[in-house]
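Trainee: Got a predicted model here, sequence first, then my questions.
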Amino acid sequence: MIDGLVGIAGAVRELPPESTQQAVGYPSLFLLVALGALVPVVPTGAIVSSAAVVAFHQSSPLSLLFVFLVAAFAAFLGDIALYWLGQRGVRSRNGSRWLAALRSRATPERTAHAQQRLDTHQVSVLVLSRLVPAGRIPVMLACLLAKMPLRRFARGDAVACLAWAATYQLIGILGGSLFPEPWQGVVAAVGLTVLFSALPSLWRRVRGSRRVAGPSGSQHP
């Protein structure tokens, strides 16, 4: 994944004219984000941030708006397609490879926790699942197991995709505003994205180590 992120930054060193960037960039952004929603191994957050850096340095004031709309729409379509495929597995006696893939990417503990939160805060849980790295699949699986209708999932997911696209675009704008050259901003945005993605896992490790050390530390000789 790191090599792929570095490749994104390197590709921006020699940018073509703005017209070529827009003709190629928006369809590429759409395809990569939609593919990343279906196959969660593509670093879609870094892609959106990098696209936002390039748009930030363009002369057109609508470039950032187009990046936001394309990224949000692609993420929404990818999520809906994945949820529909997962629904087919839930309804089938033998399941499906898509449902099995979702189960393999979410631990039972995280899925159970998502199911508990889903009972009381459906829309907010969907929004947070998009913003928290590696949180989307457990919540989507919990929605599938709860047999949430596609229409209800789509309503919550639309808000989630808008918030997700805005968040990673802001990271890109921050990276682009720090440096004069687009490729420098991309490097900064990729670094911020990696840091943002790593924080939840680091926090869980710290909490886990505290829980393990807590009982032993409370004992006195």
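Mentor: Yep, it's here. Everything numeric in this text was worked out from a predicted model, so none of it was measured.
Trainee: where does this protein dip in pLDDT?
Mentor: 1-24, 59, 179-185, 189, 192-221 (pLDDT under 70).
Trainee: Do you have the strands of it handy? List them.
Mentor: Using DSSP state E, the chain contains no strands.
Trainee: Show me where it has its helices.
Mentor: For the chain, the helices defined by DSSP state H occupy 2-11, 18-38, 44-56, 63-91, 97-105, 108-118, 122-131, 136-145, 150-178, 182-218.
Trainee: From S129, how far out is H121?
Mentor: 11 Å (CB to CB, to the nearest Å). For glycine as for every other residue, the C-beta is placed from the backbone atoms N, C-alpha and C.
Trainee: Give the residue from the two that has the larger number of neighbours.
Mentor: S129 (25 against 12; other CB atoms under 10 Å).
Trainee: what residues are up against M148?
Mentor: Listed by CB atoms under 8 Å, 6 or more residues apart in numbering, the contact set of M148 reads Q122.
Trainee: what's it sitting at in phi/psi?
Mentor: Torsion angles at M148 (phi, psi; degrees, to the nearest 10) stand at phi -70, psi 130.
Trainee: now swap in V41 and tell me
Mentor: According to degrees, to the nearest 10, V41 has phi -120, psi -10.
Trainee: Check whether R103 really touches L141, as I assumed.
Mentor: Yes - in terms of CB atoms under 8 Å, R103 counts as a neighbour of L141; the distance is 6.6 Å.
Trainee: Looking at those two, which one has more neighbours?
Mentor: L141 (22 against 18).
Trainee: what's near enough to touch that one?
Mentor: 86, 102-103, 106, 111, 114.
Trainee: just to revisit the earlier point, most tightly packed of the helices of the chain?
Mentor: helix 44-56 (a mean of 28; mean count of other CB atoms under 10 Å).
Trainee: distance between that one and the chain's centre?
Mentor: From the chain centre to the centre of helix 44-56 is a distance of 13 Å (CA atoms, centre = their mean, to the nearest Å).
Trainee: Point out the other helices and strands that that helix packs with.
Mentor: On a contact count with 3 or more CB pairs under 8 Å, 6 or more residues apart in numbering; DSSP states H and E, helix 44-56 meets helix 2-11, helix 18-38, helix 63-91, helix 150-178, helix 182-218.
Trainee: Can you tell me, leaving aside adjacent residues, what's nearest to A75?
Mentor: Using CB to CB, 6 or more residues apart in numbering and skipping the chain neighbours, the partner closest in space to A75 is C161 (4.3 Å).
Trainee: Would you check how far apart the one you found and D119 are?
Mentor: Counting by CB to CB - C161 and D119 are separated by 23 Å.
Trainee: ok, now L62?
Mentor: 42 Å.
Trainee: Now do the same contact list for the residue nearest to A75.
Mentor: So, once contact is read as CB under 8 Å, 6+ apart, C161 ends up touching 72-73, 75-76, 79, 130.
Trainee: one more time with 10 Å, if that's ok
Mentor: 33, 37, 71-80, 126-127, 130 (CB atoms under 10 Å, 6 or more residues apart in numbering).
Trainee: out of those residues, which one sits closest to I173?
Mentor: When the contacts of C161 are compared for distance to I173 (CB to CB), A71 wins out at 13.1 Å.
Trainee: was I right about that closest one contacting L31?
Mentor: No - using CB atoms under 10 Å, A71 is not in contact with L31, being 11.6 Å away.
Trainee: Excluding sequence neighbours, find me the nearest residue to L64.
Mentor: According to CB to CB, 6+ apart, the nearest residue to L64 is A55 (4.8 Å).
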